[in-house]
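> Generate a structure from the sequence data that follows.
(one chain, ligands or ions: 1)
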Amino acid sequence: MMAASVRATFRLFQPLRPVPPMRIPLRQPTVPGRTTVARTMGVLPLPFFSKPRDFSLPNSSWGPEMVRLYEHYNSQCEVEREGGEKQKGPWKRLPSYNRVLKYATGGVYLSKLIQSKARLFTRNIKEPGASFEYVLFDNSEEQKCVGILQAGHLLEGPPGFVHGGAIATMIDTVTGAHATLLSGPVMTANLNINYRSPIPLGSTVVLESCLDKKEDKKTFVTCKVTSSNGSKLHSEATALFVSISVCKILDGV
Ligand SMILES: CCCCCCCCCCCC(=O)SCCNC(=O)CCNC(=O)[C@H](O)C(C)(C)COP(=O)(O)OP(=O)(O)OC[C@H]1O[C@@H](n2cnc3c(N)ncnc32)[C@H](O)[C@@H]1OP(=O)(O)O
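All right, here's what the predicted structure looks like:
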């Protein structure tokens, strides 16, 4: 029963809403004479009431190429018809938050404390521009998903260039989001990357994920990472995502 209602709200594997956070202890000393209600309000987590931050919106760290590409796709999310009426365009920007719903146990050994502190790997560094600055756009008609990435100074691998693991992370993120939109909840089963040319630290690159084929539980996608003007191929990848049942996530097995 519980699983069914959770399943309904968990459609599309939505990691998009904030988690009602854990109760946190009062930092200030308890005021003598406060009512029970007032004391309860005192320990209610503030973020519960606030709107979650969408990390895929422009910020001051974005360079001109990042902004240009964002505007290129964002302008195609809504198009103006004759007569000035607006309608949905071919692309859709995917919002991005740093926490996911915690219906899943994430493994039976994961403590409540760890769960309350969990953050999405690609969104866990607060300083704007320091690590992964990215935004995803989806084109369902063309079965394509595009990621625009500005790689910050904390992603260094070889001196002056982006770490291969960081590139893999972003390929997994773009293809994973794409496969989720195509097939519902999935896990990465296989990710195969050819690194063709290094990505300069601080530069902006484009990741393009395309559906290759779908076979039963399997969704195969390909991904190319190119320079912002498309002239240089940095990496190419193939990925296999296997559909999983929501119960698998819920039960942590
Ligand atoms: C807007 C949204 C944003 C969403 C934003 C999300 C972005 C982040 C995305 C990050 C995604 C991740 O990092 S996920 C984390 C990394 N991945 C994992 O930890 C996965 C660990 N592995 C597993 O849990 C499991 O092995 C699974 C789920 C992958 C598969 O297990 P299963 O469900 O039991 O499936 P199983 O029956 O064995 O296999 C089904 C079919 O797939 C094939 N198959 C299974 N594994 C493989 C494999 N490695 N290579 C080839 N083929 C395989 C089998 O042969 C079979 O084919 P046939 O016989 O039917 O032909």
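> use CA for all of it now, contacts and neighbours both
Fine.
> Convert stretch 51-68 to PDB, retaining C-alpha atoms only.
Extracted C-alpha coordinates of stretch 51-68, given in PDB (Å, rounded to 0.1, in the frame of the first residue of the first chain):
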ATOM      1  CA  LYS A  51      11.900  26.600  -2.400                       C
ATOM      2  CA  PRO A  52      14.700  24.300  -3.500                       C
ATOM      3  CA  ARG A  53      17.400  25.900  -5.600                       C
ATOM      4  CA  ASP A  54      17.500  25.000  -9.300                       C
ATOM      5  CA  PHE A  55      21.200  24.600 -10.000                       C
ATOM      6  CA  SER A  56      20.700  24.600 -13.800                       C
ATOM      7  CA  LEU A  57      19.900  28.300 -14.100                       C
ATOM      8  CA  PRO A  58      22.600  30.800 -15.100                       C
ATOM      9  CA  ASN A  59      24.800  32.200 -12.300                       C
ATOM     10  CA  SER A  60      27.700  34.700 -12.200                       C
ATOM     11  CA  SER A  61      30.300  32.100 -12.800                       C
ATOM     12  CA  TRP A  62      29.000  31.200 -16.200                       C
ATOM     13  CA  GLY A  63      31.300  32.300 -19.000                       C
ATOM     14  CA  PRO A  64      30.200  33.700 -22.400                       C
ATOM     15  CA  GLU A  65      30.100  30.300 -24.100                       C
ATOM     16  CA  MET A  66      28.100  28.700 -21.400                       C
ATOM     17  CA  VAL A  67      25.600  31.600 -21.500                       C
ATOM     18  CA  ARG A  68      25.500  31.500 -25.300                       C
END
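> can you tell if it touches the ligand?
No - if you take C-alpha under 6 Å from any ligand atom as the test, stretch 51-68 misses the ligand, and the best it gets is 12.3 Å.
> got the end-to-end distance for stretch 153-161?
Across stretch 153-161, the terminal residues are separated by 9 Å (C-alpha to C-alpha, to the nearest Å).
> what mean pLDDT does that stretch have?
Taken as a whole, stretch 153-161 carries a mean pLDDT of 98.
> following the lowest-mean-pLDDT helix or strand in the chain, which helix or strand comes up?
Ranked by mean pLDDT, DSSP states H and E, the helix or strand of the chain with the weakest confidence is helix 36-43, at a mean of 35. Counting by DSSP states H and E, the next helix or strand C-terminal to helix 36-43 is helix 64-74.
> Measure how buried Met223 is and give me the count.
Small correction: residue 223 is Cys, not Met. Neighbourhood size, Cys223 [other C-alpha atoms under 10 Å]: 25.
> Tell me who's in contact with the residue positioned nearest the centre of the chain.
When C-alpha atoms, centre = their mean is applied to the chain, the residue found nearest the centroid is Ser96 (4.9 Å). Contacts of Ser96 were listed using C-alpha atoms under 8 Å, 6 or more residues apart in numbering, and they are 16, 54-56, 135.
> Out of the residues you listed, which is nearest to Asp172?
Closest approach to Asp172 among the contacts of Ser96 (C-alpha to C-alpha): Val135, at 13.9 Å.
> pLDDT score for the residue lying closest to Arg93 once chain neighbours are set aside?
Distances taken as C-alpha to C-alpha, 6 or more residues apart in numbering place Phe137 nearest to Arg93, at 4.4 Å, with adjacent residues excluded. For Phe137, the pLDDT comes out at 98.
> measure Phe137 to Gly89 for me?
Counting by C-alpha to C-alpha - Phe137 and Gly89 are separated by 11 Å.
> neighbour count winner among the two?
Shown here are Phe137 and Gly89; by other C-alpha under 10 Å, Phe137 has more neighbours (26 against 15).
> Need the three-state assignment for the residue nearest to Arg93.
Three-state call for Phe137 (DSSP: H, G, I helix; E, B strand; the rest coil): strand.
> my guess is it meets Val146, correct?
Yes - between Phe137 and Val146 there is a contact under C-alpha atoms under 8 Å: 5.2 Å.
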